[in-house]
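A.B. asks: Make a model of this:
(2 chains)
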Amino acid sequence: MLALLLQGAVALTAVASPEGTWRAVLDLAGGPLPFALQIGRPAGGGGWFGQLCNGEKCQAFSKVGVEGNSVTLEIADYAATMTAKLRGDSLAGSYRNVGSNGPRTIPFRAARGRPPVTPAPRNLVGRWDATFFQDLGTSPRVFEFRDGPYGIQGTLISSTSDYGPFSGTASADSFAIGYFDGSFVYLITGKMKGDTLRGIFHAGLRTQTPWQAVRSSGAPHLKAPTEITFADTSQPFRFRFPDLQGRVIGSDDPRFKGKVVLVDIFGTWCPTCHEGTPELIRLYNRYRGRGLEIVGLAFEVSGDSAVDGPLVRRYRDKFRIPFPLLLAGSSDVEAIEGALPQLRGAGAFPTIVFLGRDGRVRRVHAGFHGLAAGAQHQRQVREFEVEIEKLLAENSVNSKR
Amino acid sequence: MLSFYRAFVMVFVLFAGRVSDLGAQSREDVARERGDYLSWLETATNSPLAAVARQPLGAGVRLGPPDADIPLRDVAEHTIEMRGGALLLKTPSGRQPVSRGRPVKVGGYTLYLAASARGPVVTVFGKPSEKKPPGYYEYDPAVVFIGPLLPAKNPQRLRVLAADGVEVEATEAGSIVISLGALTRLRVMRIPSAGGEESELEIFFRDESNSQGTYPAGRFVSLIPLPDGQYRLDFNRARNPFCAYSAVYPCPAPWRGNSISAPVRAGERYAGGGLQAPPVLEVK
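C.D. replies: As a prediction, the model looks like this:
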C-alpha cells in the first residue's frame, strides 16, 4: 500500500512539471498556428528557462515562471506574455500583449511531445508566384516551399522582405504552415488543385487575406527592392549622428573619404535586420581591404539615446559588429525621412544605401531576404557583391566629397 | 421586383446561431475577452477611464501652466512638437525625443502620442481612475449570427474615427444582412491595427437600446471570420467607443444605414451621461 502511495506521489510530481517539449498552437479565428515549446530547468536546480521554435529556428523566452500549475512565459522584447494552466499533459491559456486600444489576446494550447513531421508533398516544393486579394486590389507575394528536417517548411516573400521561417503540416493536397516569434502571428493555409494553389493568409487573431498562386515561371513577380525607396543623387549623401560613445560621426568623417560606403538603416527591434547583419559583416570582412566601409544607422523604438544606447550596444556585441553603429533616432517613417531628407519612401527595415566613392547614392535596397527565402536570398547576396565590386572599381582619383 | 430583392436578401441573411459550436465555446471566449479588457480598463496607464486631456499635436502642444493648451496641476511648462520629423518633448531641464505609443511621464501624469491620419495626437492620462467600467449584459446566445460577408461593389478608402477616437484610413470590406427586428444591412469597414498586416472587420451600429442602457452614440462590434469562409457576428462582443469612458475622446459619427430597429441588450452597457447606472455584472 505504502509502495503504491509512493508511486502515486512520484507520478503526481512528474505530471505537475511543465518540463519537456510541447507541440503548441495559437488558435486563430481561421485555424491553429503550430509551433513548438521547450521548457526546462538546469540539472542542479535553479530557474526555469524555455524557448519557442518554428522548425529549426528557436528563440529564448526572457523569463519563465512556474508556480503550482501556472506557467508564465515572457517575451520582453515585444512586451508579450504567454500564460497557461498545466493540466496533466496539456497546457491551456493565452498569448497576450498590450497596445493602445487594449489587450491583444489569442488562445494558446499545447500537448506534450514533438510537433509531427510531415514531409512536403513533392508537387508543392518550389517557388510559387502568389497574388493576395485585398479590399482595394491585389498585391504580389512569393511562396517558397521545401522539405526540411522538420517536414514541410517555407516562407512568404514580399517585395521588401520575407516573413520568417514557416513550418507546419501537409497532406497530399493541402497544408498549414505558421510563423510565431512572440510578436508576428502568421499562418498560411492552402489547397492544391491542378496547377493552382488557393488559400488564406492569416495575420493575428482575425485578419484573413485570400490568395491564389501559380508555379513561378522565373519571370520577376515582385517589385524590385531597388524600386521602393529613392534618393537624391545630385549631391553626396549626408548623415550626422552620435555613436555609442557619444561622439558625433558624419558622412564627412575621414574614415568614409574616397570609400565605397554601405549605410545600413536598421533597428534592433527588427527581426529582418537580425537576418541581414551577419551578411553585412561578411561583406565588410571580404571587401574592407579594397575600400569598403559600412555604417549602421539605428532607428529605435524610443529614439531616446539613454534607452537606445544599451540596446544597440547589446546588438553590436551579440553579432560582434566591426563597423560603427550610430544612434539615428526613432523608427517612425517621418523621423527617418526627417533625419535623412535625401531619401523618399523610406520605411522598410533594413534599407541599405550604397554610396560610390564620391559619396553619392548609387543604389537603395529596401528590405532584406533572409536565409528562409532560399534562392531569393542567394540572388540578393550575389547582387550585393556585384554592386560592391562595380563601385570599388570606380576611379577613386576622380572622387570628390 | 420587391419579392426578388427579398429573396436575394434572404439568401445572404445571417442566421441566428443555434449551431452547437456557438454555445459553450463562444460563451467562454467572450468571458475571457471581457475579463482581459476589464483588467486593462481598470489598471493600464493608458486606460481611457484615466484620460484627462487630448489634443492633435498640430504645430505643438503646451502643457502645464493654467494658460497652456493643456493645463495640468503641479506641472511646470512642457511642450511637445515635431522637429525634423522627430517628436520632441521640451521640459524645464532640456529636450528629449519621444515616440508614438510609448509612455512619457510628466509630473503625476502620463502622456501618449498616437498616430492618426491627420498627424500625431497627444493624450494625457491621470492616475488610475476611480471610475468603474460600465460592465456587460449577461451573455445572450440569441444575438449570435453566422453568415457571409457581401463584398462591396466599389470599395472605397475612407477616413473614419476608430473606437479609440483616432482617425484612420479604413477600407469598405462589404456588408452583412441580419434579421433582428427587421432585415437590416450593416456596413463593415476594415480598420487597420498597429503592425501593418493585421486589421479588424468592424461595424459601428446603433440600436433601440441606445440611451436605454447602452451608449447613446452607438457601439462597435467586430465581425469574426470562421474557417469555412463564413463570419460570426456576436453582439455579446459589442463594445463602447472610448468617448463613452471619457469626454476627452471624440465620438465617431454614426455610420450611414447601420441602425437596427430593435434593442440589442447584449455586450457592453453604459453607465454615464446622467443615465441610471445599470447593475454591473461580474465577469466569471
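A.B. asks: now A:Tyr95, which residues is it bridged with?
C.D. replies: A:Met82, A:Ile106 (DSSP bridges).
A.B. asks: Looks like it contacts A:Leu26 (just checking).
C.D. replies: Yes. Using Cβ atoms under 8 Å, A:Tyr95 is in contact with A:Leu26, at 6.0 Å. Any C-beta I mention is one placed from the backbone N, CA and C, and that applies to glycine too.
A.B. asks: shared neighbours, these two?
C.D. replies: Common neighbours of A:Tyr95 and A:Leu26 (criterion: Cβ atoms under 8 Å, 6 or more residues apart in numbering or on different chains): A:Ile106, A:Pro107, A:Phe108, A:Val185.
A.B. asks: closest point of chain A to chain B, which residue?
C.D. replies: Nearest residue of chain A to chain B (Cβ to the nearest Cβ) works out as A:Gly338 at 1.8 Å.
A.B. asks: which stretches of chain B have low pLDDT?
C.D. replies: B:1-25, B:84-86, B:129, B:194-196, B:272-284 (pLDDT under 70).
A.B. asks: okay, now the domains of it?
C.D. replies: B:2-44+B:133-244, B:51-125 (automatic domain parsing).
A.B. asks: Quick one: closest of those domains to A:Leu292.
C.D. replies: Across those, A:Leu292 has its closest neighbour in domain B:51-125 (29.3 Å, Cβ to Cβ).
A.B. asks: Distance from that closest one to the middle of the chain?
C.D. replies: 23 Å (Cα atoms, centre = their mean, to the nearest Å).
A.B. asks: Quick test: name the residue nearest the centre of the chain.
C.D. replies: This is for chain A. The residue lying closest to the centre of chain A (Cα atoms, centre = their mean) is A:Pro271, at 3.2 Å.
A.B. asks: was after chain B, sorry
C.D. replies: B:Ala163 (2.3 Å).
A.B. asks: looking at it, that one is touching B:Ala238, isn't it?
C.D. replies: No. Here B:Ala163 does not reach B:Ala238: they are 11.0 Å apart, not a contact under Cβ under 8 Å.
A.B. asks: okay, and the common contacts of the two?
C.D. replies: Counting by Cβ under 8 Å, 6+ apart, the contacts common to B:Ala163 and B:Ala238 are B:Phe220.
A.B. asks: Buried residues of the helix with the most length in chain B, list them for me.
C.D. replies: Scanning chain B for the helix with the most residues, using DSSP state H, yields helix B:24-43. Across helix B:24-43, burial judged by 16 or more other Cβ atoms under 10 Å in any protein chain shown covers B:Ser26, B:Arg27, B:Asp29, B:Val30, B:Glu33, B:Arg34, B:Asp36, B:Tyr37, B:Leu38, B:Trp40, B:Leu41.
A.B. asks: next one: stretch B:103-111
C.D. replies: Buried, per 16+ other Cβ under 10 Å, within stretch B:103-111: B:Val104, B:Val106, B:Tyr109, B:Thr110, B:Leu111.
A.B. asks: In a markdown table: the domains of chain B, plus distance to chain A.
C.D. replies: Listed next are those as a markdown table, based on distance: least, Cβ to the nearest Cβ, whole Å:
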| stretch | distance to chain A |
| --- | --- |
| domain B:2-44+B:133-244 | 4 |
| domain B:51-125 | 2 |
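A.B. asks: Please work out which residues outside stretch A:311-320 touch it.
C.D. replies: When contacts are defined by Cβ under 8 Å, 6+ apart, stretch A:311-320 is touched by residues A:Leu244, A:Thr268, A:Thr277, A:Pro278, A:Ile281, A:Ala298, A:Glu300, A:Ile321, A:Leu325, A:Leu327.
A.B. asks: hmm, 6 Å instead?
C.D. replies: For stretch A:311-320, contacts defined as Cβ atoms under 6 Å, 6 or more residues apart in numbering or on different chains pick out A:Leu244, A:Thr268, A:Thr277, A:Ala298, A:Leu325.
A.B. asks: for stretch B:211-222, same thing?
C.D. replies: So stretch B:211-222 is contacted by B:163, B:200, B:202-206, B:210, B:235, B:237-240, B:244, B:251, B:254, B:269-270, B:278 (Cβ under 6 Å, 6+ apart).
A.B. asks: Weed out the non-buried ones from those residues.
C.D. replies: So, by 16+ other Cβ under 10 Å, the buried ones in these are B:163, B:200, B:202-206, B:210, B:235, B:237-240, B:244, B:251, B:269-270, B:278.
A.B. asks: Tell me if I'm right that A:Ile294 and A:Val263 touch.
C.D. replies: No. Look at A:Ile294 against A:Val263 with Cβ atoms under 6 Å: they stay out of range, at 7.9 Å.
A.B. asks: can you list the domain ranges for chain A.
C.D. replies: If you go by automatic domain parsing, chain A breaks into A:19-112, A:126-215, A:225-398.
A.B. asks: How far away from the center of its chain is the longest one?
C.D. replies: Distance of domain A:225-398 from the chain centroid (Cα atoms, centre = their mean) equals 17 Å.
A.B. asks: Let me know the average pLDDT across it.
C.D. replies: Averaging pLDDT along domain A:225-398 yields 88.
A.B. asks: Spit out the contact partners of residue 159.
C.D. replies: All of this refers to chain A. The neighbours of A:Ser159, taking Cβ under 6 Å, 6+ apart as the test, are A:Leu222, A:Lys223.
A.B. asks: um, chain B though
C.D. replies: With Cβ under 6 Å, 6+ apart, B:Arg159 has these contacts: B:Ala117, B:Glu167.
A.B. asks: got the CA coordinates for the strand or helix carrying it in CSV?
C.D. replies: Per DSSP states H and E: B:Arg159 is located in strand B:157-161. Only the C-alpha atoms of strand B:157-161 are listed here, as CSV (Å, rounded to 0.1, in the frame of the first residue of the first chain):
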residue,chain,number,x,y,z
ARG,B,157,-10.8,54.0,-48.7
LEU,B,158,-12.5,56.2,-46.1
ARG,B,159,-11.3,58.1,-43.1
VAL,B,160,-13.3,57.1,-40.0
LEU,B,161,-12.8,57.5,-36.3
